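Engineer: Sequence first, predicted coordinates after that:
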Amino acid sequence: MDKTTNGWLSGFIGVLIFSGSLPATRVAVQGLDPLFLTVARATIAGTLGLLLLLVFRQARPSRRDLMPLAIVALGVVIGFPLLTALALRHVSAAHAVVFVGLLPLATAIFGVLRGGERPQPAFWLFSALGSGAVVAFALRHGLEASPIGDALMLAAIVACGLGYAEGALLSRHLGGWQVISWALVLSLPLMLPLAVWTRPVSFDGVSQASLWGLAYVSLFSMLIGFMFWYRGLALGGIAGVGQLQLLQPFFGLLLAGLLLHEQVPPAMILVTVVVVGCVAGARHFSRAAPVRPAV
């Protein structure tokens, strides 16, 4: 298996894992405060990440890597989880998950700005068509009138896209699981005290479903998913592999329907087929066109 294909496979596994994030968050915030959920998931994942780094005796990042790691931490450890947890107080998981359809565009843009990638013009056409299909699907099927929730989700997408691009660049020399582990460890001195400070007085009134939601977003969404995702972005290209997240809304909607009994429109299947075609097209044109030698 060549490097690019390996990257796309790793990215796809990451997307499957991330697809459960918003439904799990939706369940968790029914019994837990959004701020506590954010800092608790980062604390749990950060503790596990620290153990991994110690067990495998990973060298400390260089000084030049600290600022990019801080950006990763602000984007994907703090920003996206907190903003989505707050947004899910105003909108359903089925509604919020469609905003993820804008994430591939955000990731691709930051891949160009930060990573110097230069996809072919046709790539942007397929990326825009895929994002447009997801947004149109949201507009057609129950877009809720919640400006606060929508603004929070849009802010989350921008923060996450930047965090993805920075993490992918770092993964090229640090490794995928090392990047998310170091970003989590970097945020641990802040997250741990906040988790203690914001913890519920008692967990007796917190449902098991909320605790399972916390467990999922801590272990899978915050750590394991990123191990695959950053590896995929580093190997397959930020802009190209990032388009796989066009599929995440539909995996997420399916999970929301199965687990939360939220309504899943039948048209989802048709739109998913369109999105898959856009992802395939974006993959084909994600690399810069080769320069033909002069005759």
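Structural biologist: Now that the structure is in, tell me what you want to look at.
Engineer: Can you list the residue ranges for helices in the stretch 101-250 of the chain?
Structural biologist: Ranges of helices in the stretch 101-250 of the chain, per DSSP state H, counting those that start in this stretch, are 103-115, 121-140, 147-174, 176-198, 208-216, 225-236, 238-242, 248-260.
Engineer: Can you check which of those helices gets nearest to residue 70?
Structural biologist: Closest approach to residue 70 among those (Cβ to Cβ): helix 176-198, 6.4 Å. Where you see a C-beta, it was placed from the backbone N, CA and C, and this is true even at glycine.
Engineer: Could you list every helix and strand that the closest one packs against?
Structural biologist: Packing partners of helix 176-198 (3 or more Cβ pairs under 8 Å, 6 or more residues apart in numbering; DSSP states H and E): helix 34-55, helix 63-72, helix 147-174, helix 225-236.
Engineer: Okay, angle between the longest one and helix 176-198 too, please.
Structural biologist: Between the direction of helix 147-174 and that of helix 176-198, the angle (axes from the mean of the first three to the mean of the last three Cα atoms, to 10 degrees) works out to 140 degrees.
Engineer: got the buried residues for helix 147-174?
Structural biologist: By neighbour count, with 16 or more other Cβ atoms under 10 Å as the criterion, the buried positions of helix 147-174 are 149-150, 152-153, 155-171, 174.
Engineer: tell me which strands and helices it is in contact with?
Structural biologist: Packing partners of helix 147-174 (3+ Cβ pairs under 8 Å, 6+ apart): helix 63-72, helix 80-87, helix 93-96, helix 103-115, helix 176-198, helix 225-236, helix 238-242.
Engineer: Need those in a markdown table (columns: mean pLDDT).
Structural biologist: Below are the helices and strands packed on helix 147-174 laid out as a markdown table (pLDDT from 0 to 100):
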| stretch | mean pLDDT |
| --- | --- |
| helix 63-72 | 95 |
| helix 80-87 | 86 |
| helix 93-96 | 69 |
| helix 103-115 | 90 |
| helix 176-198 | 96 |
| helix 225-236 | 94 |
| helix 238-242 | 93 |
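Engineer: Please identify the most buried of the ones you listed.
Structural biologist: Compared across those, helix 238-242 shows the largest average neighbour count, a mean of 31 (mean count of other Cβ atoms under 10 Å).
Engineer: give the contact list for the residue nearest to residue 75 when sequence neighbours are not counted.
Structural biologist: Excluding the flanking residues, the one nearest residue 75 by Cβ to Cβ, 6 or more residues apart in numbering is residue 163, at 2.4 Å. Going by Cβ atoms under 8 Å, 6 or more residues apart in numbering, residue 163 touches 71-77, 79-80.
Engineer: so who does the nearest residue to residue 220 once chain neighbours are set aside touch?
Structural biologist: The spatial neighbour of residue 220 that comes closest, neighbours along the chain excluded (Cβ to Cβ, 6+ apart), is residue 17 at 5.1 Å. Residues near residue 17 by Cβ under 8 Å, 6+ apart: 220-221, 224-225, 228-229.
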